[in-house]
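1. got a sequence here, can you build the structure:
(chains A and B)
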2 protein chains.
Amino acid sequence: MKVSTVIHNGRAVPVCEIAPGMAVEISRLVPGTDTLMELIEGGAPAMKRLRDALDIERSAKAHPWFSTETVEWRAPVGRPATVYHIALNNTAADPTLLYRPAFPAYFTKPTAALTGHGQPIEILPHYGLTHNEPELAVIIGTGGRNIAIDQAMDHVFGYTVINDVTAVGMRKEDRFYGGYPTAQPDGSVKYIEETLTYPARYKGADSFLPAGPWIVSTDEVSDPANLQVSCWLDDELIFKDTTANLHFSVAQSIFWISAHTTLFAGDMICMGTAGHPGAASKPLSYGDISKRGKTVSIEIEGIGRLVNPILRKSAPDPRAAFAPVTDLGASIRKHGLVPKDSL
Amino acid sequence: MKVSTVIHNGRAVPVCEIAPGMAVEISRLVPGTDTLMELIEGGAPAMKRLRDALDIERSAKAHPWFSTETVEWRAPVGRPATVYHIALNNTAADPTLLYRPAFPAYFTKPTAALTGHGQPIEILPHYGLTHNEPELAVIIGTGGRNIAIDQAMDHVFGYTVINDVTAVGMRKEDRFYGGYPTAQPDGSVKYIEETLTYPARYKGADSFLPAGPWIVSTDEVSDPANLQVSCWLDDELIFKDTTANLHFSVAQSIFWISAHTTLFAGDMICMGTAGHPGAASKPLSYGDISKRGKTVSIEIEGIGRLVNPILRKSAPDPRAAFAPVTDLGASIRKHGLVPKDSL
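-> Residues are numbered from 1 along each chain as shown, chains lettered A, B, ... in the order given. Below you'll find the predicted structure:
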């Protein structure tokens, strides 16, 4: 089954696919289901009611079906509690790394970054180099804490396609470099070299998380670790990879996040980009949608094809409102900086 | 006016303070207001209705008032769209830094990390060194995109106290160090030294965002940039600072975030910690709540006092489920690593 959220008769409504290219409002089949979140929170019983109603509706071939060709799409789940992203989760990145954790590192995006299939990815001049990260995303069905690996897949509602749009230009700015003060046994303080980076802006601007068009329910996805992922900028194929190259599986990611933080129905886990710019023969020359391309298309085998136009807007540079930084590093000049060890 | 969310008669309900230590359910005063988010989304008209009803109720001194002494508190807004945090926003950090951006860098926490006044901060053994970051938090009233600095304060609903609990132990793990492949004009590729860190786990474990007890409405806070902030571990004063030492103001933070991402009613912006461990004479020796202390108390002048017990739990180490990392750095060994420039 495929479900999503679209604008129909002027309202954002949950829909399911009833035939290729045709949708029907879920509230027509299961009265009272006004958002996709309600369907997800309803669990297996809600899905069974919808399936049964869909079978009857299909045999009716009634007029409330409508074409999805011209419809305005929204992100399937508009306001999940949290959107998690597994970072650098691809074997292609390993040749470029000297350290990575043995378990999934993750970040979260503001839910405001979500947008739907067909909606523009908006790029402002000060974002700098901005690239696509095509990814499989997991929609959590039943939430929980401390979910066991061998039960993790029972917590999945379905899968969708996302683009983890990333502005490398902003990434270069939102960092801190200095010395982390560390007390020594003799009572003195050493400043250990440290870099901290913060992803909410460079990953989280409005429209930096296109998702959809459909969520495909788990029964239609035999193996999420063996799906082809392709990405085109206009007609040029710029990514081709498979989810088999991800380090950490869906089950491992659910286990790991829920070992720290409670997952809720509707939460998304974006599995990390398929392929890595550094692995390509022409790194990043293709990916900078701040400079070229009209449309990004991402297709994941059996999940769908997410297409978004690129909208480069002009806007005043908000950085101009801030004064330059001065007077940094007095403690480091006094005490010295101890280079970080092999970590 | 002070508003929050507590458990009363077995349900989580929005409440307001009617007299010191006494609360009343908001739905009694303004029927149909079942969550604090509804009050916030209702804007100035909803607040006026509540104020008027509160005045009448105060004169009645009726029995539905209840003591907040023994009540179970929840985070005032349980599921905001997004919780933003301004990183390293304090002049005390500057002596330890060689680079910081000239504008507010920010991260987001999973909303699952939110907890209420009096609820435990849960620490697992594998979190490692974990410290408190006492902060003023802004609750957005009217959302928006591209909010002008001189209108930003009109978008604030109120203020509360939060603890941006941070596990330095996990922070050390969730990083990537290597070379960012960068195409050169001659067609070759250079690997520029790069560290990326991801904060969602070390900042976002369950209970890592205590908030409350009350949201204080803006009319009762004359200057959010001039408030004393104090923090105690049990009876020991471990932080004392003022929000005057923050680099970026509430208005600048609203301007900056909304220049990139739409803010919604109920969103929180946590303004950055008051003081910095590195600025203390005994850096971090006091702050490790994974090792000592029974209770953390944070008081912000005019906003309130947030108290949370520390609960150190035993649990299996989830890291044991993952294999060690091998075979990193092939490209860097082949091409070399170019040290990052002064940025």
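2. all contacts plus neighbour counts: C-alpha atoms, from now on.
-> Noted.
3. what bits of chain A have low per-residue confidence?
-> Chain A contains residues with pLDDT under 70 at A:62, A:275-286, A:341-343.
4. let me know the outermost residue of chain A.
-> residue A:186 (46.5 Å; C-alpha atoms, centre = their mean).
5. buried residues, the longest helix seen in chain A. List them.
-> Counting residues, the longest helix in chain A under DSSP state H turns out to be helix A:43-60. For helix A:43-60, burial by neighbour count (16 or more other C-alpha atoms under 10 Å in any protein chain shown) applies to A:47, A:50-51, A:54, A:57.
6. just those now: which is nearest chain B?
-> Nearest to chain B among those is residue A:47, at 25.0 Å by C-alpha to the nearest C-alpha.
7. which residues does the closest one contact?
-> Residues near residue A:47 by C-alpha atoms under 8 Å, 6 or more residues apart in numbering or on different chains: A:39-40.
8. before we move on, the earlier item: so can I have JSON lines of the buried residues of helix A:43-60 showing distance to residue B:297?
-> Shown next, in JSON lines, are these (distance: C-alpha to C-alpha, whole Å):
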{"residue": "A:47", "distance to residue B:297": "46"}
{"residue": "A:50", "distance to residue B:297": "49"}
{"residue": "A:51", "distance to residue B:297": "52"}
{"residue": "A:54", "distance to residue B:297": "55"}
{"residue": "A:57", "distance to residue B:297": "59"}
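9. of all these, which two lie farthest apart?
-> For those, the maximum inter-member distance is 14.9 Å, found between A:47 and A:57 (C-alpha to C-alpha).
10. excluding its backbone neighbours, what's nearest the residue most central in space within chain A?
-> Chain A has residue A:270 as the residue nearest its centroid, 4.3 Å off, counting by C-alpha atoms, centre = their mean. Setting aside the residues directly before and after it, residue A:270 is nearest to residue A:137 in space (C-alpha to C-alpha, 6 or more residues apart in numbering or on different chains), at 4.2 Å.
11. do residue A:94 as well
-> Computed as C-alpha to C-alpha, 6+ apart, the closest residue to residue A:94 that is not its neighbour in sequence is residue B:328, at 5.0 Å.
12. so what's the residue count around the one you found?
-> Close neighbours of residue B:328, defined as other C-alpha atoms under 10 Å in any protein chain shown, add up to 18.
13. quick one, what contacts it?
-> A:94-99.
14. try 6 Å this time
-> A:94-95, A:97-98 (C-alpha atoms under 6 Å, 6 or more residues apart in numbering or on different chains).
15. swap in residue A:269?
-> A:84-85, A:137-138.
16. could you rerun that using 7 Å?
-> A:83-85, A:137-139 (C-alpha atoms under 7 Å, 6 or more residues apart in numbering or on different chains).
17. equivalent analysis for residue A:85, please.
-> Applying C-alpha under 7 Å, 6+ apart, the residues near residue A:85 are A:106-108, A:269-272.
18. leaving out chain neighbours, which residue sits closest to it?
-> residue A:270 (4.6 Å).
19. what's the answer for residue A:15, then?
-> Residue A:15's closest residue in space is residue A:25 (C-alpha to C-alpha, 6+ apart), at 4.4 Å.
20. give me phi/psi at that neighbour?
-> Dihedral pair for residue A:25: phi -70, psi 130, per degrees, to the nearest 10.
21. all strands of the stretch 1-150 of chain A, in order?
-> For the stretch 1-150 of chain A, applying DSSP state E, counting those that start in this stretch gives strands covering A:2-8, A:11-19, A:22-25, A:66-67, A:72-74, A:83-86, A:97-99, A:106-109, A:114-116, A:121-123, A:130-131, A:134-140.
22. great, nothing more from me.
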